[in-house]
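*Asks:* just the structure for this:
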Amino acid sequence: MSLNPCVVCGQPDSALTCKTCSAAAYCSTTCQLTDSNNEHHQCLPYSVLYEERCGRLLLANRDISAGEILFTDIPGAVGPDNNPKPICLTCYKRLPGLVYRCRHCSWPLCSPFCQQEDGPHARECQLFRIHSPRFEIADYKKSCPWYNAIMTLRILWLKDNKPETWKLLDMLMDHLEDSKEEDKIMTGVIDFIHNHCKLTQFTEKEIRHVMGIIDTNAYIIGENPNKDVDLQGLFPITSIINHSCTANTICFARDDFKFSCRAVTNIKKGEELTTNYLHYHYHFFGLSYRRPEISEFWHFKCNCHRCRDYTEFGTMSDALVCKDCEQGRLVPLNMSAGAEWVCGTCYGSQASADVMMIITYWWNIIDQASKYDMKTLLEILHKLLKVFDTNHFYILEVKRRLMENIGDSKGYEYEDLAEAWLEKKVEFCRDHLKIQKILAPGLSEYKAYLSAHIAEPLYWLAKKRYVAKKCSVEELSQTMEEVAQHLLMVIQIWGPYRKRSAERLKAEYARKLLEMVDNKYLHRNMGERADEVLENDILKIYKANIK
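*Replies:* Sure, this is the predicted structure:
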């Protein structure tokens, strides 16, 4: 059966369709993005706008429900992250030594099976053949700087071979103006491309621009089969989504290096689509951490609603206990650098430099503690409660580290744990969930992480209490229902992720535990609901707001 032609370029048998009305077909996300502002496609979930403050952005074209997949993006290029040791440029496995050379360009590959005419290596191979440079790697056990050029070359290749995709990626911001010193990696890539490969058709300005785009916009999308090389991808639509510290979408890697964007909360027509650039372990971290981190790695000053609220939406996750009244909380007076921190109760104040010294001192204490040293972490937690608000991200971070130990580290396995430790983990998880509902609501990765951690101790705690006749059958069933709901949430959020990813593996483990809980206590065929996600990729759409 033949498919419809692309409505933009006319390419026949185009498989991508409008997910809302199915009225138009596209050959690629490039053409889909090009068509996103056309009048006949007002049903698309997003449109592309330009604003001076941030360049391009995505705006909701209609009301969007939590759980919807807004788009699935195809990478403009995929390649190894910086500074890898020699690898095969087709399958990305590490090379133990010279095993096989590409018969066209002589670049080292792992075997003849990776000599693929349309494989990932084909792009740079085509460029290398122009002047046929030699590639001799002296030591396969050390990082080889030549590999830093591969991702750049794969994007530069688009300029003459896929100009529409090149145009979309070329529009992305490079933030080169924020570079304070000469980048040795960038200088090495320019030297390799110009002097070793003689590819002078690409100007130094173009090479720097592409490297800046990669540095600012690329996502880590997975790893090689042995999990010892990170792979990055650059996506034409996903790269447009701006950051928010409390975002309304998540973006995640699927199989075949595709990237999906999914709504985590209900989004009103006209609202900007945003995602959180920080790893979910940091979604509860306060402004004193986020501001320098975002500035250093993504080269902008975040001005989202959360960053403009010094109370962090009332959570006080960046507040200190006031030394003067011991009741109030110190937060910055304004957004200015060096602004005083002021108590909202007694109006006492503390100089910014003094606050920064306190923050740095206690972070060093936390950072120096072994993550497996439960006694030390508990002692630090007790001391932090005298200095910071109970919801401060330092306190929550210590609790998170303790959560990861309880049940998962040697000597603290669930089956042998005392009830007190199980109660402690559940308590810490609930402390986090209270903050998650405010700072990362909905189907966020932070929510999946917490649901994954609370489910198992809840299960064991209920089981131990029932055996000891400390709870009734009804209370046992209620707790097991809560366990099941947490496990279903893990599956709903992380189930669509790329197979073999850490998140997908946790979703698969949640499915096993769900089946056990259901078979023993609930008897509702919940495994079928899990398989809808894991096997059939059928995701739940949430019409009502979820927290």
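*Asks:* quick one: contacts for residue 64?
*Replies:* Shown in contact with residue 64 (CB atoms under 8 Å, 6 or more residues apart in numbering): 45, 70, 263, 266, 267. Yep, even glycine has a C-beta here, placed from its N, CA and C like the rest.
*Asks:* who's it bridged to?
*Replies:* Note on residue 64: beta-bridge partners by DSSP bridges are residue 267.
*Asks:* for residue 448, see how far away it is.
*Replies:* As defined by CB to CB, to the nearest Å, residue 64 lies at a distance of 20 Å from residue 448.
*Asks:* on that earlier part again, okay if I get the contacts of residue 64 as CSV plus pLDDT, neighbour count and distance to residue 239?
*Replies:* Converted to CSV, the contacts of residue 64 look like this (pLDDT from 0 to 100; neighbours: other CB atoms under 10 Å; distance: CB to CB, whole Å):
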residue, pLDDT, neighbour count, distance to residue 239
45, 88, 24, 17
70, 94, 22, 14
263, 98, 23, 18
266, 97, 19, 25
267, 97, 24, 19
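*Asks:* let's have these in JSON lines, adding distance to residue 516.
*Replies:* JSON lines is the format used below for the contacts of residue 64 (distance: CB to CB, whole Å):
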{"residue": "45", "distance to residue 516": "38"}
{"residue": "70", "distance to residue 516": "34"}
{"residue": "263", "distance to residue 516": "31"}
{"residue": "266", "distance to residue 516": "33"}
{"residue": "267", "distance to residue 516": "36"}
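*Asks:* closest to residue 170 out of those?
*Replies:* Nearest to residue 170, judged by CB to CB, of the contacts of residue 64 is residue 70 at 23.6 Å.
*Asks:* which residues in the stretch 101-250 of the chain form helices?
*Replies:* Counting by DSSP state H, counting those that start in this stretch, one finds helices in the stretch 101-250 of the chain at the ranges 122-128, 150-156, 158-161, 163-170, 184-191, 204-217.
*Asks:* and the last one, what does it pack onto?
*Replies:* Which is helix 204-217. Here helix 204-217 touches helix 150-156, helix 163-170, helix 184-191, strand 230-234, going by 3 or more CB pairs under 8 Å, 6 or more residues apart in numbering; DSSP states H and E.
*Asks:* out of those, which one sits most buried?
*Replies:* helix 150-156 (a mean of 25; mean count of other CB atoms under 10 Å).
*Asks:* can you get me a residue count around the closest residue to residue 93 other than its chain neighbours?
*Replies:* Take residue 93 and drop its neighbours on the chain: the residue closest to it by CB to CB, 6 or more residues apart in numbering is residue 110, 5.3 Å away. Using other CB atoms under 10 Å, residue 110 is surrounded by 19 other residues.
*Asks:* just the one 5 residues further on next, same as before
*Replies:* One way to gauge burial is a neighbour count; for residue 115, by other CB under 10 Å, it gives 17.
*Asks:* then the one 3 residues further on?
*Replies:* Neighbour count for residue 118, taken as other CB under 10 Å: 6.
*Asks:* for residue 77, see how far away it is.
*Replies:* Residue 118 is 15 Å from residue 77, by CB to CB.
*Asks:* one step back: out of the helices and strands packed on helix 204-217, flag the one nearest residue 197.
*Replies:* Of all the helices and strands packed on helix 204-217, helix 150-156 sits nearest to residue 197, with 8.3 Å by CB to CB.
*Asks:* which secondary structure elements does the closest one sit against?
*Replies:* So helix 150-156, by 3+ CB pairs under 8 Å, 6+ apart, packs with strand 77-80, helix 122-128, helix 204-217, strand 230-234.
*Asks:* try 7 Å
*Replies:* Helix 150-156 sits against strand 77-80, helix 122-128, helix 204-217, with contacts defined as 3 or more CB pairs under 7 Å, 6 or more residues apart in numbering; DSSP states H and E.
*Asks:* got a list of contacts for the shortest one?
*Replies:* Applying CB atoms under 7 Å, 6 or more residues apart in numbering, the contact partners of strand 77-80 are 87, 92, 120, 147, 150-151, 154-155, 229, 231-234, 257.
*Asks:* how far off centre is that strand?
*Replies:* With CA atoms, centre = their mean, to the nearest Å as the basis, strand 77-80 stands 17 Å off its chain's centre.
*Asks:* let's test this: mean pLDDT of that strand, rounded?
*Replies:* What strand 77-80 shows for mean pLDDT is 96.
*Asks:* list the contacts of residue 87.
*Replies:* Listed by CB under 7 Å, 6+ apart, the contact set of residue 87 reads 80, 93, 94, 95, 147, 224, 229.
*Asks:* max pairwise distance over the residues you listed: which two?
*Replies:* Across the contacts of residue 87 (CB to CB), the longest gap, 13.3 Å, separates 93 and 147.
*Asks:* pLDDT value on the residue most central in space within the chain, please?
*Replies:* Geometric centre of the chain, nearest residue: residue 279, 5.2 Å, by CA atoms, centre = their mean. What the model reports as pLDDT for residue 279 is 96.
*Asks:* could you list the low-pLDDT ranges of the stretch 1-150 of the chain?
*Replies:* Within the stretch 1-150 of the chain, the segments meeting pLDDT under 70 span 1-3, 5, 7-11, 18-23, 29-30, 33-43.
*Asks:* ranges for the strands of it?
*Replies:* Using DSSP state E, counting those that start in this stretch, the strands of the stretch 1-150 of the chain run over 16-17, 25-26, 46-51, 55-60, 69-73, 77-80, 100-101, 108-109.
*Asks:* what does the fifth one contact?
*Replies:* Strand 69-73 has contacts (CB under 7 Å, 6+ apart) with 29, 45-46, 64, 235-238, 249, 254, 258-263, 273, 539.
*Asks:* just to revisit the earlier point, nearest to residue 495, of the contacts of residue 64?
*Replies:* Nearest member of those to residue 495, counting by CB to CB, is residue 263, at 15.9 Å.
*Asks:* that closest one and residue 63 touch, don't they?
*Replies:* No: between residue 263 and residue 63 there is no contact under CB atoms under 7 Å: 10.3 Å.
*Asks:* for stretch 474-483, what is the average pLDDT?
*Replies:* Rounded mean pLDDT across stretch 474-483 is 97.
*Asks:* ok, back up a step: which one's more surrounded, residue 93 and residue 147?
*Replies:* Counted by other CB under 10 Å, residue 93 and residue 147 do not tie: residue 147 has more neighbours, with 22 against 17.
*Asks:* what about the nearest residue to the more buried one once chain neighbours are set aside, distance to residue 533?
*Replies:* Once flanking residues are discounted, residue 147 sits nearest to residue 84: 5.1 Å by CB to CB, 6+ apart. Counting by CB to CB, the separation of residue 84 from residue 533 is 33 Å.
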